[in-house]
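Engineer: Got a predicted structure here, sequence first:
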Number of protein chains: 2
Amino acid sequence: MVNKTNSTEFTILSAAKNIFSIKGKDGATMQEIADQAGINKALLHYYFRTKDLLFEQVFFEEVKKFSPILKNAIAQEVDLYQKIHNICEAYILMALDNPFVPVFVVGEINKQPDLFIHKLFDGDFPDFPLLAAQIKKEVDAGKIKPIQPHQLIMNMMSMCIFPFLMKPMFVVGMGIDKEVFQNLMLQRIKEVPKFIIDSIKI
Amino acid sequence: MVNKTNSTEFTILSAAKNIFSIKGKDGATMQEIADQAGINKALLHYYFRTKDLLFEQVFFEEVKKFSPILKNAIAQEVDLYQKIHNICEAYILMALDNPFVPVFVVGEINKQPDLFIHKLFDGDFPDFPLLAAQIKKEVDAGKIKPIQPHQLIMNMMSMCIFPFLMKPMFVVGMGIDKEVFQNLMLQRIKEVPKFIIDSIKI
DNA sequence: GTCTATAACTCGATAGAC
DNA sequence: GTCTATCGAGTTATAGAC
């Protein structure tokens, strides 16, 4: 059994994740990544051939941890309130664990939408129509207030992910420090579902 | 009176806005911008000296239209519900008018937070503490449900801006076409404040 | 596997003619 | 103001020794 944690390959991936996250794919240089990994440029190419391939590996490795968890939370057969809890928890925990992923995704999704989305989900999208249908059913049955399913889904995703995209804005602009930010995000696992349910319950 | 609309300078700014928006500052090349503007590379430098200066001009010109409107909506002396309406409207109308600005901001704010935020607001931040205090006052007076002001502010900003960041995701992933998306966003000018107020009212 | 050295290339920027 | 041509810096990528 090999200790992957200390392997050169892992060290590179870890350094690349850092640099790419901060500077983006184009802003990062192989030199920086090599420096941070404490090795040399040629070795990056030895392991990953090109910058593009290194980026893809880093990126999709991160993102793909994520997408089955979300797909699962959406596909589960539980009542709407419980599902909202599960989805919010999945999103926020993921983002807390990989705070760079959302920034990654926004950047790339706006460059090459079709290509990127297909790579992201491998043609196997989360079943948003199912969720929309479930919401519509509750509305029609008069169990929650009237709301367009798409609007509710957007609201939920927005509140879970956006704060991670704008973290620097909140930290610098609103003067809250990093630990406070972390705590606010942890609270949001409960607060966001509560906020949503308070809004839609009859 | 000069017709700025057809001037070379305007053509360049417009092309640059497009390219920078999609590819980001680093991903864009002067060649692409020149091609899109139907002129040649040297002319870009003639008008704007450097890529950095061109970027700054494009970016801050767009963003600065925005920040006084927001600052104003936050500073106004109106009751909380009205203020929530005004802020949401300001954000969403701005984003509808300049759909690239949010993508810009997220990209750049995560590269050089301090520098960028200072350039963005010129040291003159929107008065979020004021808004937070107003929320706290309503909570303490028992006029709205208990909620941490920061959480409420995050919720509001999130729901206004996030959909524009993830537009390709919604368009491709949720299968809604561009006109439908546009309409959903227009509806959100009323829907988001409604959603928020439904959640916090007693 | 890891290194040094360097080739090959991209891209921002400038010179200079018109 | 606008163009063509080219320079030079910085980067990705490779060759080849160890």
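Structural biologist: Arrived safely, thanks for sending.
Engineer: Around DNA strand C, pick out the residues from chain A.
Structural biologist: A:8, A:39-43, A:46 (Cβ under 7 Å from any atom of the strand). Bear in mind the C-beta positions are built from the backbone N, C-alpha and C, glycine included.
Engineer: can you list the weak-confidence ranges in chain A?
Structural biologist: Low-confidence segments of chain A (pLDDT under 70): A:1-6.
Engineer: how is it carved up into domains?
Structural biologist: A:1-49, A:63-200 (automatic domain parsing).
Engineer: Between the two ends of the longest one, how far is it?
Structural biologist: With Cα to Cα, to the nearest Å applied, domain A:63-200 spans 31 Å between its terminal residues.
Engineer: Name the residues that touch stretch A:79-92?
Structural biologist: A:69-70, A:72-74, A:76, A:78, A:131, A:134-135, A:138, A:144, A:156-157, A:159-161, A:185, A:188-189, A:192-193, A:196-197 (Cβ atoms under 8 Å, 6 or more residues apart in numbering or on different chains).
Engineer: These in strands, which ones?
Structural biologist: The members of those all map outside strands under DSSP state E.
Engineer: just the residues of chain A next to DNA strand C that are near chain B?
Structural biologist: With Cβ under 8 Å from any Cβ of the partner chain as the criterion, those include none near chain B.
Engineer: Among the domains of chain A, show me which one is buried the most.
Structural biologist: Mean neighbour counts were taken over those using mean count of other Cβ atoms under 10 Å in any protein chain shown, and the top value, a mean of 18, falls to domain A:63-200.
Engineer: how far is that one from where the chain is centred?
Structural biologist: Remark: domain A:63-200 is offset 9 Å from the chain centroid, using Cα atoms, centre = their mean, to the nearest Å.
Engineer: repeat for stretch A:39-59
Structural biologist: Stretch A:39-59 sits 23 Å away from the centroid of its parent chain (Cα atoms, centre = their mean).
Engineer: What is the end-to-end distance of that stretch?
Structural biologist: Span of stretch A:39-59 from end to end, Cα to Cα: 21 Å.
Engineer: Does it reach DNA strand D?
Structural biologist: Yes - judged by Cβ under 7 Å from any atom of the strand, stretch A:39-59 comes into contact with DNA strand D at A:41-42, A:45, A:49-52.
Engineer: can you redo those as TSV with secondary structure?
Structural biologist: Shown next, in TSV, are the residues of stretch A:39-59 next to DNA strand D (DSSP: H, G, I helix; E, B strand; the rest coil):
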residue	secondary structure
A:41	helix
A:42	helix
A:45	helix
A:49	coil
A:50	coil
A:51	helix
A:52	helix
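Engineer: Spatially nearest residue to residue A:61 (excluding sequence neighbours)?
Structural biologist: Leaving out its chain neighbours, the residue that sits closest to residue A:61 by Cβ to Cβ, 6 or more residues apart in numbering or on different chains is residue A:13, at 7.4 Å.
Engineer: Now do the phi/psi pair for that neighbour.
Structural biologist: Note on residue A:13: backbone dihedrals following degrees, to the nearest 10 are phi -60, psi -40.
Engineer: That one contacts residue A:58, doesn't it?
Structural biologist: Yes - contact criterion Cβ atoms under 8 Å: residue A:13 and residue A:58 qualify, at 6.0 Å.
Engineer: and the gap between the residue nearest to residue A:61 and DNA strand D?
Structural biologist: Using Cβ to the nearest atom of the strand, to the nearest Å, one gets 15 Å for the distance from residue A:13 to DNA strand D.
Engineer: Contacts only, for that residue.
Structural biologist: A:57-58, A:61.
Engineer: Derive a ChimeraX selection command for the buried subset of the residues you listed.
Structural biologist: To isolate the buried subset of those in ChimeraX, counting by 16 or more other Cβ atoms under 10 Å in any protein chain shown, use the following:
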select /A:57,58
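Engineer: Just give me the closest of the contacts of residue A:13 to DNA strand C.
Structural biologist: Closest approach between those and DNA strand C, by Cβ to the nearest atom of the strand: residue A:57, at 15.1 Å.
Engineer: List the residues that contact residue A:110.
Structural biologist: B:21-22, B:103, B:165, B:167-168.
Engineer: What of residue A:103?
Structural biologist: By Cβ under 8 Å, 6+ apart, the contact set of residue A:103 is A:21, A:164-165, B:106-107, B:110.
Engineer: Would you check which pair of these lies furthest apart?
Structural biologist: A:164 and B:107 (14.1 Å; Cβ to Cβ).
Engineer: element containing residue A:11, please.
Structural biologist: helix A:8-27 (DSSP states H and E).
Engineer: which strands and helices sit next to whatever helix or strand comes next after that helix?
Structural biologist: Beyond helix A:8-27 on the C-terminal side, the first helix or strand identified by DSSP H and E is helix A:30-37. Here helix A:30-37 touches helix A:8-27, helix A:41-48, helix A:51-75, going by 3 or more Cβ pairs under 8 Å, 6 or more residues apart in numbering or on different chains; DSSP states H and E.
Engineer: change it to 6 Å
Structural biologist: In this structure, helix A:30-37 makes packing contacts with helix A:8-27, helix A:41-48, judged by 3 or more Cβ pairs under 6 Å, 6 or more residues apart in numbering or on different chains; DSSP states H and E.
Engineer: quick one on the thing from earlier: can you tell me which of the contacts of residue A:110 is nearest residue B:181?
Structural biologist: Distances from residue B:181 to those, taken by Cβ to Cβ, are shortest for residue B:167, at 6.3 Å.
Engineer: Could you measure from the closest residue to the closest one other than its chain neighbours over to residue A:111?
Structural biologist: Nearest non-adjacent residue to residue B:167, counting by Cβ to Cβ, 6+ apart: residue B:181, 6.3 Å away. From residue B:181 over to residue A:111 the distance is 18 Å, taken as Cβ to Cβ, to the nearest Å.
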